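Asker: just the structure for this:
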Amino acid sequence: MYRAANAYLQTDVSTTSPGELVIMLYDGAIKFLTRAKVLIDAKDVAGKGIAISKALDIINELSSTLNKEKGGELAENLHKLYFLCSTKLAMANLKQDKAIIDSVIKILTGLRSAYAQIQGRPEVQEVSAQLASKQKPDQATARSMINMNMGQTMAQTQQANMRGRAAYSKVAGAV
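Answerer: Numbering: from 1, shown residues only. Okay, the predicted model is just below:
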């Protein structure tokens with residue numbers, strides 16, 4: 001089952017446009033944050049930490065791929081918004097606060113919706129096609145971002161559990 005799903009995702013990533021990959025990354029981040037809220041309710045500190053870390057990885061990837069030279073003020077504003085989301089998620093992780101996670105989901109959902117709307121415009125599709133022909137997106141990075149929920153090792157889970165317990169102890173001690 002894992003091999004079939006992985007093969008499907010690899011095909012999906014290699015045949016999508018750069019714009020569609022961005023939308024897939026937004027979807028992935030939103031999915032992991034929704035999962036983190038469920039794990040907070042289940043009192044699964046380690047699982048919650050892993051889900052938020054995966055969303056943070058995606059947000060970091062979105063931020064690091066911004067072209068500030070060509071994107072100008074828009075790219076700078078997106079970078080600031082991604083930084084705000086990352087900061088809020090760090091706080092939500094420590095406080096186990098679903099309301100903070102909801103605020104980040106709202107931001108990412110708005111960005112995803114706006115990006116999806118402009119993807120359908122002919123001029124955007126033309127530029128996207130030009131970019132795809134000149135420069136292939138880093139498919140290995142995109143694939144790893146999309147496949148993040150597959151193949152967690154026991155060591156990663158144990159490390160996240162220890163970090164979650166340490167963070168919870170700090171928060172509980174400060175209250």
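
Asker: what's the next secondary structure element after the longest helix seen in the chain?
Answerer: Across the chain, the helix with the greatest residue count (assigned by DSSP state H) is helix 68-95. Counting by DSSP states H and E, the element after helix 68-95 in chain order, helix or strand, is helix 98-119.

Asker: what angle sits between the longest helix of the chain and helix 98-119?
Answerer: Using axes from the mean of the first three to the mean of the last three Cα atoms, to 10 degrees, the direction of helix 68-95 lies 160 degrees away from that of helix 98-119.

Asker: helix or strand for K43, which one?
Answerer: Per DSSP H and E, K43 falls between elements, in no helix or strand.

Asker: for the one 3 residues further on, same thing?
Answerer: According to DSSP H and E, A46 maps onto helix 45-64.

Asker: mind checking pLDDT for E20?
Answerer: Listed pLDDT for E20 reads 84.

Asker: on that earlier part again, give the other helices and strands that the longest helix of the chain contacts.
Answerer: helix 45-64, helix 98-119, helix 154-174 (3 or more Cβ pairs under 8 Å, 6 or more residues apart in numbering; DSSP states H and E). For glycine as for every other residue, the C-beta is placed from the backbone atoms N, C-alpha and C.

Asker: now do the same contact list for the residue found closest to A51 once you drop the neighbours it is linked to in the chain.
Answerer: Counting by Cβ to Cβ, 6 or more residues apart in numbering, A36 is the residue found nearest to A51 once chain neighbours are left out, at 3.9 Å. Residues near A36 by Cβ atoms under 8 Å, 6 or more residues apart in numbering: 48, 51-52, 55, 92, 101.

Asker: in the helix or strand containing A36, what counts as buried?
Answerer: Element membership of A36 [criterion: DSSP H and E] is helix 18-41. Residues of helix 18-41 classed as buried: 18-33, 35-37, 39-40 (neighbour count, 16 or more other Cβ atoms under 10 Å).

Asker: related to what we said a few turns ago, neighbour count and distance to R112 added to the contacts of A36, as a markdown table?
Answerer: Supplementary listing: the contacts of A36 in a markdown table, determined by neighbours: other Cβ atoms under 10 Å; distance: Cβ to Cβ, whole Å:
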| residue | neighbour count | distance to R112 |
| --- | --- | --- |
| K48 | 25 | 22 |
| A51 | 26 | 18 |
| I52 | 26 | 18 |
| A55 | 29 | 13 |
| A92 | 24 | 19 |
| I101 | 24 | 16 |
